[in-house]
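**Q** make a model of this:
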Amino acid sequence: MTTRRLALIALAAAAVVLAVGAVTRLSSASFTTSLEIAGNSVTADRLSNHFAVTPGPDAAGDVDGLTIDLGLVDEPQTVTDVFTVTNVGSSTRTATLAFVGDQVAAPRFATSGTASATLAPGATSSVSLTTSAVRADDVAGTLRLSLDGSSWLYRDYAVTFEAAPAAPESVTATPRPAADIEVAWAASATTENLVGYDVYRSTGGSWSKRTPTPVTGTSWTDTS
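**A** Residues are numbered from 1 along each chain as shown. Purely as a prediction, here's the structure:
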């Protein structure tokens with residue numbers, strides 16, 4: 001009985017050695033003879049494979065890192081030729097724009113008049129930014145340029161400028177007794193961060209401010 005039990009143990013030990021040896025030989029053969037699998041490939045893409053960016057007078061950088069500083073925008077307006085987008089690929093591609101924030105009313109491509117432009121290979125389109133008339137502010141926003149149809153091929157560009165309020169319209173001046181003059185105007189379109197209005201008088205071609213502090217209403221009487 002003892003002899004048979006020892007023989008079985010010896011056979012089991014031999015089987016373990018064979019199993020370990022088989023696994024070792026399989027690993028060596030499978031993972032060192034070939035490092036490529038036919039029919040499979042990995043492609044790394046980036047926005048610069050599709051578009052190039054040329055900065056205008058108020059911008060600096062390229063497609064991978066653009067900064068835009070419009071300076072003082074003394075009246076809500078459209079700033080043209082902020083930068084130009086060029087399709088550098090071999091296929092027609094659509095570029096899209098989106099501004100994060102409410103200080104820019106409309107980022108647009110010149111060729112389409114909208115926030116997207118379909119460009120043939122080698123085609124270009126300049127970008128304009130229309131500042132909002134609703135608020136005056138020191139603006140720090142973000143403009144995103146992206147490849148349409150992709151959720152990850154994009155770049156975000158920092159945009160800064162100082163937005164002045166919209167000037168009032170329909171200004172009138174009415175004579176009053178004792179040589180007073182009542183000046184009245186329609187309210188500005190700017191409703192956020194508007195402190196008030198300053199009234200100036202032109203004398204001999206030079207302007208002087210008549211109001212010591214901004215007027216919060218829409219009329220003021222010059223008594224001098």
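**Q** what's stretch 95-106 in contact with?
**A** 51, 76, 78, 85, 87, 107-109, 115-117, 119, 125, 127, 129-135, 137, 139, 141-148, 156, 159, 163 (Cβ atoms under 8 Å, 6 or more residues apart in numbering). To be clear about C-beta, it is placed using only N, CA and C from the backbone, and glycine gets the same treatment.
**Q** ranges for the helices of the protein?
**A** Chain-ordered helices for the chain, with DSSP state H as the definition, fall at 2-32.
**Q** excluding chain neighbours, what is closest to residue 114?
**A** residue 108 (6.1 Å; Cβ to Cβ, 6 or more residues apart in numbering).
**Q** only the buried residues of stretch 155-165, if you could.
**A** For stretch 155-165, the neighbour count (16 or more other Cβ atoms under 10 Å) marks 155, 157, 159, 161, 163-165 as buried.
**Q** one more: stretch 56-75?
**A** 56, 58-59, 63, 66, 68, 70, 73.
**Q** that older thread, count of residues packed around the residue nearest to residue 114?
**A** 21 (other Cβ atoms under 10 Å).
**Q** do the same with residue 149
**A** 9.
**Q** for this structure, which spans come out with low pLDDT?
**A** 1-43 (pLDDT under 70).
**Q** find the centremost residue of it, please.
**A** residue 143 (1.1 Å; Cα atoms, centre = their mean).
**Q** phi, psi of residue 90?
**A** The phi and psi torsions at residue 90 (degrees, to the nearest 10) take the values phi -100, psi 0.
**Q** which residues touch it?
**A** By Cβ under 8 Å, 6+ apart, the neighbours of residue 90 are residue 121.
**Q** how close does it get to residue 121?
**A** 6 Å (Cβ to Cβ, to the nearest Å).
**Q** over to residue 162?
**A** Taking Cβ to Cβ, one finds residue 162 at 39 Å from residue 121.
**Q** how about residue 152?
**A** For residue 152 relative to residue 121 (Cβ to Cβ), the value is 22 Å.
**Q** more neighbours: these two, which one.
**A** Per other Cβ under 10 Å, whichever of residue 152 and residue 121 has more neighbours is residue 121, with 12 against 9.
**Q** out of the contacts of stretch 95-106, which are buried?
**A** 51, 76, 85, 87, 107-109, 117, 119, 125, 127, 129-135, 137, 139, 141, 143, 145-147, 159, 163.
**Q** in strands, which of those residues appear?
**A** 51, 85, 87, 107-109, 117, 119, 125, 127, 129-131, 137, 139, 141, 143, 145-147, 159, 163 (DSSP state E).
**Q** settle this for me: residue 120 is touching residue 92, isn't it.
**A** Yes - Residue 120 is within contact range of residue 92, at 5.1 Å (criterion: Cβ atoms under 8 Å).
**Q** name the residues contacting each of those two.
**A** Contacts common to residue 120 and residue 92, judged by Cβ under 8 Å, 6+ apart, are absent.
**Q** who's in contact with residue 163?
**A** 73, 76, 103, 131-132, 135-139.
**Q** out of these, what pair is the most spread apart?
**A** 76 and 138 (15.0 Å; Cβ to Cβ).
**Q** between the contacts of residue 163, which is nearest residue 224?
**A** Nearest member of the contacts of residue 163 to residue 224, counting by Cβ to Cβ, is residue 136, at 29.3 Å.
**Q** contacts only, for that closest one.
**A** 163-165, 190, 192-194.
**Q** how about those, which pair is most distant?
**A** 164 and 192 (12.7 Å).
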